[in-house]
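>>> model the following, please.
(2 chains)
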2 protein chains.
Amino acid sequence: MDPAQARIWLTTAFEEARTGLAEGGIPIGAALYGADGTLLGRGRNRRVQDGDPSLHAETAAFRASGRQRSYRGTTMVTTLSPCWYCSGLVRQFGISRVVIGEATTFRGGLDWLARHGVEIVLLDDPEIIELMRAFVTERPELWREDIGDREE
Amino acid sequence: MDPAQARIWLTTAFEEARTGLAEGGIPIGAALYGADGTLLGRGRNRRVQDGDPSLHAETAAFRASGRQRSYRGTTMVTTLSPCWYCSGLVRQFGISRVVIGEATTFRGGLDWLARHGVEIVLLDDPEIIELMRAFVTERPELWREDIGDREE
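Numbers count the residues shown, from 1 in each chain, chains lettered A, B, ... in the order given. Coordinates of the predicted model:
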């Protein structure tokens, strides 16, 4: 896709991430765009705000989009590369494309999705990298809780 | 694990599935059990009831369990083999074991999870197979919507 369009869509996800940060939450945001470019839904990680571990940014945006008969041609835009949970969502529902703000802090299932035919647009946005870097440094326990990271 | 214990836990998920069916929903239920055997949360698919495509049975049970620091030793019990979305949930959060009512109607990510070190207990429960078979026959469009199945 056109990188300029991807960057415009990324601003929606980034707004969600910043709102989450302002709420004391985990600063990851997402938005799902339809095949025709309309915004279907947007959301942010709500672990802290709602005490709900099931709402990662991507699943929150998916939820906000309501029931859809097909996800063909849709684009999931997310500030951070999707974890296995959110990568599984993308694959199961046949979301066609994922626009990713950054994959430096967390690599996630990006390569797995690409191997399974999902178009990946990685934008390496320096502001988002900095946002995540600061968050992971300041709140390491919260970050690790959110990705199920454990010492083993 | 002890198959008799697995069957006892499966009844919790099966109750959820039947409640979902009685509500006009998709009859899939799940429950998350802690390492010490306590019930952390239970839930059912809520696509129809809440118009929420993000709540598969497993994610509903995960949500109902609230925030957890670690999922080590936990068991996800589900009437139907987990799709990629729910398999990704299990892998990301390090849920140790999945007890599955049936994998005949839908195979899902069972083998992928096993390859990644998740203990799989497949019970092949005839009542659950029959419940799913009847549902898929009676409501094929709803079933296909729930797993993102598309013709391509």
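>>> return the residues in contact with the nearest residue to residue A:74 once chain neighbours are set aside.
Nearest residue to residue A:74, sequence neighbours excluded (CB to CB, 6 or more residues apart in numbering or on different chains): residue A:95, at 5.2 Å. C-beta: built from backbone N, CA, C; applies to glycine. By CB atoms under 8 Å, 6 or more residues apart in numbering or on different chains, the contact set of residue A:95 is A:32, A:71, A:74, A:75, A:76, A:89, A:118.
>>> can you pull up the residues of chain A that come close to chain B?
Residues of chain A that fall close to chain B, judged by CB under 8 Å from any CB of the partner chain: A:47, A:51-55, A:59-60, A:62-63, A:65-72, A:83-89, A:91-94, A:109, A:145, A:147-148, A:150, A:152.
>>> taking those, please make a ChimeraX selection of just the buried ones.
Filtering these down to the buried ones (16 or more other CB atoms under 10 Å in any protein chain shown) takes a single ChimeraX command:
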select /A:47,52,53,54,55,59,60,62,63,65,68,70,71,83,84,85,86,87,88,89,91,92,93,94,109,145,147,148
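>>> check which helix or strand whatever residue of chain A ends up closest to chain B maps to.
Of all residues in chain A, the one sitting closest to chain B is residue A:88 (2.5 Å; CB to the nearest CB). Element membership of residue A:88, judged by DSSP states H and E, is helix A:84-93.
>>> helices or strands up against the helix or strand following that helix?
Next in sequence after helix A:84-93, counting helices and strands by DSSP H and E, comes strand A:97-102. Packed against strand A:97-102 by the contact rule (3 or more CB pairs under 8 Å, 6 or more residues apart in numbering or on different chains; DSSP states H and E) you find helix A:3-22, strand A:75-80, helix A:110-115, strand A:119-122, helix A:126-138.
>>> most tightly packed of those?
Mean neighbour count (mean count of other CB atoms under 10 Å in any protein chain shown) peaks for strand A:75-80 among these, with a mean of 29.
>>> who does that strand pair with, and is each partner parallel or antiparallel?
Strand A:75-80 pairs in its sheet with strand A:29-33 (antiparallel), strand A:97-102 (parallel), by DSSP bridges.
>>> tilt between the longest one and helix A:84-93?
Right, strand A:97-102. 160 degrees (axes from the mean of the first three to the mean of the last three CA atoms, to 10 degrees).
>>> list the contacts of strand A:97-102.
Strand A:97-102 is contacted from outside by A:1, A:6, A:9-10, A:13-14, A:74-82, A:90, A:110, A:113, A:118-125, A:128-129, A:132, using CB under 8 Å, 6+ apart.
>>> next: stretch A:14-29.
Looking at what lies outside stretch A:14-29 - CB under 8 Å, 6+ apart - the contacts are A:12-13, A:30-31, A:42-49, A:56-57, A:61, A:78-80, A:101, A:125, A:127-128, A:131-132, A:135, A:139, A:142-143, A:146.
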